[in-house]
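Participant: Predicted coordinates and the sequence they were generated for:
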Amino acid sequence: MEVMMNTRKHLVSSVIFVLGLFYFPLIAFSILDPLDFLALQSVRRSLDDLPGSNFFSSWDFTSDPCNFAGVYCEADKVIALNLGDPRAGSPGLSGRIDHAIGNLSALAELTIVPGRVMGYLPQTLSQLKNLRFLAISKNFISGEIPTSLAELRSLQTLDLSYNQLSGSIPPSIGTIPSLSNVIMCHNHLTGSIPSFTSETLSRLDLKHNNFAGALSSSSLPPSLQYLSLSFNSLSGPVDRLLPRLNRLNYLDLSMNRFTGSIPGVLFTFPITNLQLQRNFFAGRVTPLDQVTISTVDLSYNRFSGQISPLLSTVQNLYMNNNRFTGEVPGSFVDRLLAAGIEVLYLQHNYLTGIEINPAAEIPSSSSLCLQYNCMVPPVQTTCPLKAGLQKTRPTTQCAQWKG
């Protein structure tokens, strides 16, 4: 009888132990929605740490996933997923983005740190109706931007920069009403730049792509503060568009094919850096008032006429390789000798003179270049190598540009 009782106790203990193996993990997982739990498992299977990274070391699915690195929960749902070690210089992750990520229905933030994540953006991202922040930068994401991303009507930040994306930006992306930051620089995107209707868009960075075509006068909202479109093949005038963007504090349209004049009101904007170089802008440069922008680059265009003395307050001024004529205003000399100007590049124009004493000492902190104009430079200064060796422009060329 005693043997039977001991055997029964042993059997009961064994059953309790076996049930415990299944039961206690269920207790650990019970705080997280099962669909979110399965989605995290799929994400983990599709991504790996690069050598030197241990981001996934805490992803032990026998414990609470809400305690995993980069996983943030509210109630029983994942609301933020930050994949990879965010510290600068960390190795990042490899692999692909699993389509199951679209099952994280409460997700409001998704980031993947720089690494070697490749493949396409999954169409299922459009299921994340609460997503406000999407940043997958400096990886190897390829293919086209899914049109379905436009269904993310709560999206505020879209950062897909430094990848290998191709094709065009779907026009419907520009209709997302809450967009504040669109950063898609350094990809292989083509086509025209769509119109953006968001009244909160403050940053648009599309530099280093293959965009072409013209910008319409209403394609960008007045809310913009940062605009970079450099290193594309954009063309046409911008004189009707720019006056609307009077909140800009940074503007870079360099390395394109823009034409026409630039409005004088542009120089009154709260801009700290104005980059218009290497286009086909033409006409006179006529600021409305003394310019307070610290850096202005108008080089390698077709600007003409006399140089406005209102530009003498610019700290770094690049006006080289244009068609400017006449004498350099005396206010530039005064500012230069007082160390108020750090860079004044006027080479490769048709300027006829500058009133400066040949014995004047230009501060060592200042750089002045005057060569290849319609005058002999009165002072010898160090010019950039690309200015060439010729000091003066041939007189036959100067005769054509008197005035």
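Facilitator: Alright, I've got the coordinates.
Participant: At the geometric centre of this protein, which residue sits there?
Facilitator: Taking Cα atoms, centre = their mean as the criterion, D205 is the residue nearest the geometric centre of the chain, at 3.8 Å.
Participant: Give me the distance between that residue and N130.
Facilitator: Shown here: D205 relative to N130, a distance of 25 Å by Cβ to Cβ, to the nearest Å. Where C-beta positions appear, they are placed from N, C-alpha and C, glycine not excepted.
Participant: follow-up on the earlier one: distance of the residue nearest to the centre of the chain from G236?
Facilitator: Spatial separation of D205 from G236 under the definition Cβ to Cβ is 20 Å.
Participant: Please apply the same query to T313.
Facilitator: As judged by Cβ to Cβ, T313 and G236 stand 31 Å apart.
Participant: Between those two, which has more neighbouring residues?
Facilitator: Under the criterion of other Cβ atoms under 10 Å, the comparison of T313 against G236 puts T313 first, with 19 against 14.
Participant: What residues does the more buried one make contact with?
Facilitator: For T313, the contacting residues are Q290, V291, T292, R335, G340, by Cβ atoms under 8 Å, 6 or more residues apart in numbering.
Participant: with the residues you listed in mind, which one is nearest to D85?
Facilitator: Nearest to D85, judged by Cβ to Cβ, of the contacts of T313 is T292 at 41.6 Å.
Participant: how close does that closest one sit to L215?
Facilitator: 26 Å.
Participant: So for these two, which residue has more residues nearby?
Facilitator: A direct count of neighbours by other Cβ under 10 Å for T292 and L215 places L215 higher, at 23 against 14.
Participant: which element is that one on?
Facilitator: When elements are defined using DSSP states H and E, L215 is found to belong to no helix and no strand.
Participant: show me what contacts it?
Facilitator: Residues in contact with L215, defined by Cβ under 8 Å, 6+ apart, are I193, L234, G236, V238, L241.
Participant: Now L337. Nearest residue, chain neighbours left out?
Facilitator: A360 (6.1 Å; Cβ to Cβ, 6 or more residues apart in numbering).
Participant: What strand or helix carries that neighbour?
Facilitator: Secondary structure from DSSP H and E places A360 outside every helix and strand.
Participant: just checking, it touches V379?
Facilitator: Yes - the pair formed by A360 and V379 meets the contact definition of Cβ atoms under 8 Å, at 6.8 Å.
Participant: Which one of these two is surrounded by more residues?
Facilitator: Neighbours per residue (other Cβ under 10 Å) separate A360 from V379, with V379 holding more: 14 against 11.
Participant: Quick one: residues contacting that one.
Facilitator: By Cβ under 8 Å, 6+ apart, the contact list for V379 reads I356, P358, A360, I362, L368, L370.
Participant: Considering these, which possesses the most neighbours?
Facilitator: Taking other Cβ under 10 Å to define a neighbour, the member of the contacts of V379 with the most is L370, carrying 27 neighbours.
Participant: wait, is L35 part of a strand?
Facilitator: No - when DSSP: H, G, I helix; E, B strand; the rest coil is applied, L35 is found to be helix, with no strand at that position.
Participant: so what pLDDT did it get?
Facilitator: Note on L35: pLDDT of 97.
Participant: how much space between it and I141?
Facilitator: As judged by Cβ to Cβ, L35 and I141 stand 25 Å apart.
Participant: Which residue of these two possesses the greater neighbour count?
Facilitator: Neighbours were counted for L35 and for I141 using other Cβ under 10 Å; I141 has more, 22 against 14.
Participant: Does that one lie in a helix or a strand, and which?
Facilitator: Short version: I141 belongs to strand 140-144, going by DSSP H and E.
Participant: that older thread, please narrow the contacts of T313 to those residing in helices.
Facilitator: R335 (DSSP state H).
Participant: just the buried members of the contacts of T313?
Facilitator: Those of the contacts of T313 that meet the buried threshold are V291, R335, G340, by 16 or more other Cβ atoms under 10 Å.
Participant: could you list every residue that touches the last one?
Facilitator: G340 makes contact with T313, Q315, according to Cβ under 8 Å, 6+ apart.
Participant: where's it relative to S178, distance?
Facilitator: To S178, G340 is 43 Å away according to Cβ to Cβ.
Participant: ok, now the first one?
Facilitator: With the distance defined as Cβ to Cβ, V291 ends up 35 Å from S178.
Participant: cool, A100 as well?
Facilitator: Counting by Cβ to Cβ, the gap from A100 to S178 is 26 Å.
Participant: Please say which of the two ends up with more neighbours.
Facilitator: Just comparing A100 and S178: by other Cβ under 10 Å the higher neighbour count belongs to A100, 18 against 15.
Participant: Could you verify that that one is part of a helix?
Facilitator: Yes - secondary structure assignment (three-state DSSP) places A100 inside a helix.
Participant: Check the contact between it and D36; I expect there is one.
Facilitator: No - taking contact to mean Cβ under 8 Å, the distance of 10.0 Å between A100 and D36 leaves them out of contact.
Participant: contacting residues for Q390?
Facilitator: Residues in contact with Q390, defined by Cβ under 8 Å, 6+ apart, are Q371, Y372.
Participant: give me the element it is part of.
Facilitator: Going by DSSP H and E, Q390 is not in any helix or strand.
Participant: Could you do A80 as well?
Facilitator: Assignment of secondary structure by DSSP H and E places A80 within strand 77-83.
Participant: Convert the C-alpha atoms of the helix or strand just after that strand to CSV, please.
Facilitator: As assigned by DSSP H and E, the chain's next helix or strand after strand 77-83 is strand 93-96. Written as CSV, here are the backbone C-alpha positions of strand 93-96 (Å, rounded to 0.1, in the frame of the first residue of the first chain):
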residue,chain,number,x,y,z
LEU,A,93,22.3,44.3,-38.1
SER,A,94,22.1,42.1,-41.2
GLY,A,95,19.3,40.3,-42.9
ARG,A,96,15.9,41.4,-44.2
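Participant: buried set for strand 93-96?
Facilitator: Of all the residues in strand 93-96, those buried under the rule 16+ other Cβ under 10 Å are L93, S94, G95.
Participant: Give the partner strands of it in its sheet and their orientations.
Facilitator: On the basis of DSSP bridges, the sheet neighbours of strand 93-96 come out as strand 47-49 (antiparallel), strand 116-119 (parallel).
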